[in-house]
Structure formats: structure tokens, C-alpha cells
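Participant: let's see this in three dimensions:
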Amino acid sequence: MNDYNHAPDIHKYYRILVIEDHPLMREAISRWIDSDPNLKVCGQANSAAAGMEAVVRLKPDLVLSDISLDGRSGLELLKDLKAMNPDLPVVMHSMHNESVYAMRAMRAGARGYVMKKAGGTEVVNAIKEVLAGGSAFSRVVSNQVIDELAGRARGHQSPIAILTDREFEILELYGHGKTSGEIAQQLNVSPKTVGAHRYNICRKLEIHSTSELICYAANCVSHDGAI
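Facilitator: Numbers count the residues shown, from 1 in each chain. I've put the predicted structure just below:
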């Protein structure tokens, strides 16, 4: 088993698997990583399924994964990776607002979260920080952890925070104008399953109709495409 709890050794390089469904971004990330003498991209994958197969086959030292993947989301992939190998460090890379997504990634087992707009240097630094045994979350996320713990202690919690990751994903898709049938197809589940999740979302958020749910979701979607 790999030992991740030490500073990177200047006499070796660490093997990084990049999971990203946009080809140009995947190549750019790989170039950033390969530019560091202590890091090497050992493989690339364009989906959650391909990423799982690559982890088994390549045995990387760290996985850098997009949080938005076609079919199965990056959060679901993260849970699968941690179930398969709890010691494998995973850093999530996303265009989505960290104040919402990073907390979910942290709870699912991610060791870091980097916004795509941050640039290559910050991505590489986050990878190296995690390989050295640390974590790579911003001050915003650290403060949010404190606020969430304080809210729970007071018995208060954000309505969005009480949704499961799948419910959260479906709410976001409604916010982007997807129909229930389109959501079922994208997530590779039955319309009945989407309907059950929709019911639970409405119950938790105290929403009384699908039209009200769609309006709520649309209002939650920010300018950068994240709830």
C-alpha cells in the first residue's frame, strides 16, 4: 500500500490520474501536472466508469477528478473510490461554487477542492499539499465547516444541506431546465426513481408542486452554473 503521509520525495515522482470529461481541459490539466518534476500523469479518463477502471489498472498515487461528469457524478465516483480504496487521496476540480460543492466533496472523502478558474499553479500546489499528508480546502470552506457545525449544534441547518447528494444533483438539473425524462436518461435511472427523488426533495424543502420546485431550482442556480 502506498504511504501518503510524508512530504514528496525529490528523488521520485508521484503518479496522478486525471478524470475530466472535457478533452481540452483534460489535456491542459495534464500539462500543468507534468510540468512539475515530482508529478506525472499516469492516465486520463473521460467518465466515472473509465475512471474506476483506470484506478484499478494503473494504481495511481492520487486522483484529480472533475465533480461534473456525464452519467455518474463526480461525487458518486468519489464515494465509489473511497469504498474501494479508503487510502487513495482524491482532489476534486470544478467550475462549481465551492461554498456549496466543496462541503459535499469533503463529506464524501475528498482531500481537496480546487476551482477551475484558479489556474494550473494552484491545482499543482493542491496535489502536492495532499500528497504531503495535508488537505487543500480554501479558507471559505474551512469557515463554512465551522458555521455548519455551529448550526447543527443550534439545531439549524441549510435546507439545501439536508438533501442527499443525489437529490441535490437532481435539483440542480431541474434548475438547468431538464425535464424528469431527461434527468432519468442522463443519470441512467428510471423515471420512477427520479419521481421518488423529486417527492423527497419537495418534502424536505416544503415545496408543494413540480412547477414550484422548478422555480426554486432555477432561482438557486447561480451565474457560474452551480446551486
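
Participant: tell me how the protein divides into domains.
Facilitator: The record's domain split for the chain, according to automatic domain parsing, is 14-144, 160-220.

Participant: export these to TSV and tack on mean pLDDT and mean neighbour count?
Facilitator: In this view, the C-beta of every residue, glycine as well, is placed from N, C-alpha and C. TSV is the format used below for the domains of the chain (pLDDT from 0 to 100; neighbours: other C-beta atoms under 10 Å):
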stretch	mean pLDDT	mean neighbour count
domain 14-144	89	19
domain 160-220	89	16
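
Participant: contacting residues for the residue nearest the centre of the chain?
Facilitator: Central residue of the chain (C-alpha atoms, centre = their mean): Ile67, 3.3 Å from the mean position. Contact partners of Ile67, counting by C-beta atoms under 8 Å, 6 or more residues apart in numbering, are Ser73, Gly74, Leu75, Met92, His93, Ser94, His96, Tyr101, Ala105.

Participant: would you map the strands across the protein?
Facilitator: 14-19, 39-45, 62-66, 90-94, 112-115 (DSSP state E).

Participant: can I get those strands in CSV including distance to Ala161?
Facilitator: Putting the strands of the chain into CSV (distance: least, C-beta to C-beta, whole Å) gives the following:
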stretch, distance to Ala161
strand 14-19, 26
strand 39-45, 30
strand 62-66, 22
strand 90-94, 18
strand 112-115, 16
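
Participant: among those strands, which comes closest to Leu205?
Facilitator: strand 90-94 (23.5 Å; C-beta to C-beta).

Participant: partner strands of the closest one and their direction?
Facilitator: Strand pairing for strand 90-94, determined by DSSP bridges: strand 62-66 (parallel), strand 112-115 (parallel).

Participant: may I have the first one exported as CSV, CA atoms only?
Facilitator: Extracted as CSV, the C-alpha positions of strand 62-66 are listed here (Å, rounded to 0.1, in the frame of the first residue of the first chain):
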residue,chain,number,x,y,z
LEU,A,62,-3.7,10.4,-6.3
VAL,A,63,-6.8,11.1,-8.4
LEU,A,64,-7.8,14.5,-9.6
SER,A,65,-11.4,14.4,-10.7
ASP,A,66,-14.0,16.8,-12.1
